[in-house]
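Chemist: Next input, structure requested:
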Amino acid sequence: KDALHLDTAQMGLLVMLFPAGGLLGILFANSLSNRFGAGKLTIFGFSLGALSLFGLGFSVNAGNVWLSGLCLLGMGLPMAIADFAGNLQGTEVNNRSSKSLFPAIHAAFGVGMMLAAAFSSYLIDQKIGLELNYLVVAIVVAGGSIWAGLVFPDHVKTEVSRAEKLETSRLARKVWTEKRTLTIALIGFSFIMAEISAGTWLPIALENSGFSGAAAASAFGWFWVAITVTRAVGGFVVDRIGRSGSIMLSAIVTGLGISVFVFDSLIHMPYLGIALWGMGLALGFPMSVNSMSDDPKAAAARINMIITVVYISSILVGPVIGTIGQVFSIYAAFGVPLALMVISAILSPATKEKV
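Modeler: Next up is the predicted model:
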């Protein structure tokens with residue numbers, strides 16, 4: 001933000017380019033997955049995303065807003081396709097198990113975020129620039145994607161009849177008219193809004209409140225510790241209170257965490273708010289995705305749909321939070337995800353298992 005000389009509202013517009021690229025990519029994810037397989041998509045997606053991240057480190061330090069925006073688009077487009085492939089594989093694994101494994105699968109994402117926050121905090125404290133930071137991360141991402149891509153089964157459909165193509169196309173349109181699917185997508189939208197709001201704006205809010213850059217990055221790491229630990233044990237929670245109960249509990253805890261953080265001037269417990277915020281988010285989106293996979297025949301189309309909604313949500317976060325934050329304050333802008341958590345708690349019964 002500082003290197004590109006952007007104010008809060010302009011930063012909001014810039015960060016929307018990553019999910020905008022993702023939205024463009026996800027439109028073709030299902031058909032590309034059928035044609036090339038999850039393995040090849042994963043290798044291509046994350047490798048191209050890693051290359052774009054590497055370029056971003058140089059463009060930001062050069063103060064080039066346009067090139068930075070192009071790199072963000074380049075990160076979003078292929079990684080959204082790989083995101084779809086990973087979630088589709090994850091739901092297949094989860095549905096073949098007698099236990100709820102999907103939260104633990106998503107915990108791996110949290111491990112990456114924790115390591116990223118710790119690594120970034122260290123480099124900021126050591127006055128090391130983005131070029132080296134993003135180069136190291138790009139190497140790790142590319143290496144991990146190649147390994148995962150070689151492990152994933154491809155499920156390539158070399159022969160697809162005209163009838164199958166028509167059925168796939170019909171199903172892709174139909175999911176956008178299903179009341180239950182749209183309701184679950186709204187819940188997923190809400191949790192992603194709350195997650196991305198924290199991801200981009202929580203460290204900025206802390207810096208505005210007097211935290212150092214390293215301390216803000218460290219606090220963000222604490223946020224992902226809470227998410228990851230909760231996801232690691234989240235399967236036990238889901239097995240005991242069910243999917244819809246888990247989502248309702250997640251919405252309530254997330255809302256409580258946002259409230260504690262927003263009213264820090266009165267409560268003075270920001271780390272408690274951050275922890276509750278993270279703990280609440282842990283199960284919300286994974287269980288929303290899992291709710292889309294009850295019918296194996298429609299799973300791919302419905303997961304594609306909710307990932308599409310995720311990137312729409314991510315696009316909106318930047319302008320909405322950035323504009324409200326510029327006019328009022330970032331803390332006031334967090335009222336948006338707070339309101340969405342109330343809505344998600346009310347709608348959570350829609351995610352009950354379909355027998």
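
Chemist: separation between the residue nearest the centre of the chain and Phe236?
Modeler: Compute the mean C-alpha point of the chain, and by CA atoms, centre = their mean the closest residue is Ile192, 6.0 Å away. Counting by CB to CB, to the nearest Å, the gap from Ile192 to Phe236 is 24 Å. Glycine gets a C-beta too; all of them are placed from N, C-alpha and C.

Chemist: before we move on, the earlier item: which element is the closest residue in space to the residue nearest to the centre of the chain that isn't next to it in sequence on?
Modeler: Ranked by CB to CB, 6 or more residues apart in numbering and with sequence neighbours excluded, the top spatial neighbour of Ile192 is Ser313, at 4.4 Å. Per DSSP states H and E: Ser313 is located in helix 296-327.

Chemist: And that helix, what's buried?
Modeler: 298-318, 320-322, 324-326 (16 or more other CB atoms under 10 Å).

Chemist: And the helix ranked longest in the chain, what does it pack against?
Modeler: Criterion DSSP state H: the longest helix present in the chain is helix 213-262. Under the contact definition 3 or more CB pairs under 8 Å, 6 or more residues apart in numbering; DSSP states H and E, helix 213-262 sits against helix 102-125, helix 179-208, helix 270-291, helix 330-333, helix 335-347.

Chemist: Go through those helices and name the closest to Ala142.
Modeler: Taking CB to CB, helix 102-125 is the member of the helices and strands packed on helix 213-262 nearest to Ala142, at 13.8 Å.

Chemist: What helices and strands are in contact with the closest one?
Modeler: Under the contact rule (3+ CB pairs under 8 Å, 6+ apart), helix 102-125 is packed against helix 65-95, helix 130-151, helix 213-262, helix 270-291.

Chemist: Could you identify which of these is most buried?
Modeler: helix 270-291 (a mean of 25; mean count of other CB atoms under 10 Å).

Chemist: Just the CA atoms of that one, as PDB, please.
Modeler: What follows is helix 270-291 as a C-alpha-only set of coordinates in PDB (Å, rounded to 0.1, in the frame of the first residue of the first chain):
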ATOM      1  CA  PRO A 270      -7.600  -7.400  20.300                       C
ATOM      2  CA  TYR A 271      -5.900 -10.700  20.400                       C
ATOM      3  CA  LEU A 272      -9.000 -12.400  21.900                       C
ATOM      4  CA  GLY A 273     -11.100 -10.900  19.100                       C
ATOM      5  CA  ILE A 274      -8.600 -12.100  16.500                       C
ATOM      6  CA  ALA A 275      -8.600 -15.600  18.000                       C
ATOM      7  CA  LEU A 276     -12.400 -15.900  18.100                       C
ATOM      8  CA  TRP A 277     -12.700 -14.500  14.600                       C
ATOM      9  CA  GLY A 278     -10.300 -17.200  13.300                       C
ATOM     10  CA  MET A 279     -11.900 -20.000  15.300                       C
ATOM     11  CA  GLY A 280     -15.300 -19.100  14.000                       C
ATOM     12  CA  LEU A 281     -14.200 -19.000  10.400                       C
ATOM     13  CA  ALA A 282     -12.400 -22.300  10.500                       C
ATOM     14  CA  LEU A 283     -15.400 -24.500   9.700                       C
ATOM     15  CA  GLY A 284     -17.800 -22.200   7.900                       C
ATOM     16  CA  PHE A 285     -16.500 -22.300   4.300                       C
ATOM     17  CA  PRO A 286     -15.200 -25.900   4.300                       C
ATOM     18  CA  MET A 287     -18.600 -27.100   5.500                       C
ATOM     19  CA  SER A 288     -20.400 -24.900   2.900                       C
ATOM     20  CA  VAL A 289     -18.400 -26.500   0.100                       C
ATOM     21  CA  ASN A 290     -19.000 -30.000   1.600                       C
ATOM     22  CA  SER A 291     -22.700 -29.200   1.600                       C
END
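
Chemist: any idea of the angle that helix forms with helix 335-347?
Modeler: Angle of helix 270-291 versus helix 335-347, following axes from the mean of the first three to the mean of the last three CA atoms, to 10 degrees, is 50 degrees.

Chemist: Against which helices or strands is helix 270-291 packed?
Modeler: helix 65-95, helix 102-125, helix 179-208, helix 213-262, helix 264-267, helix 296-327.
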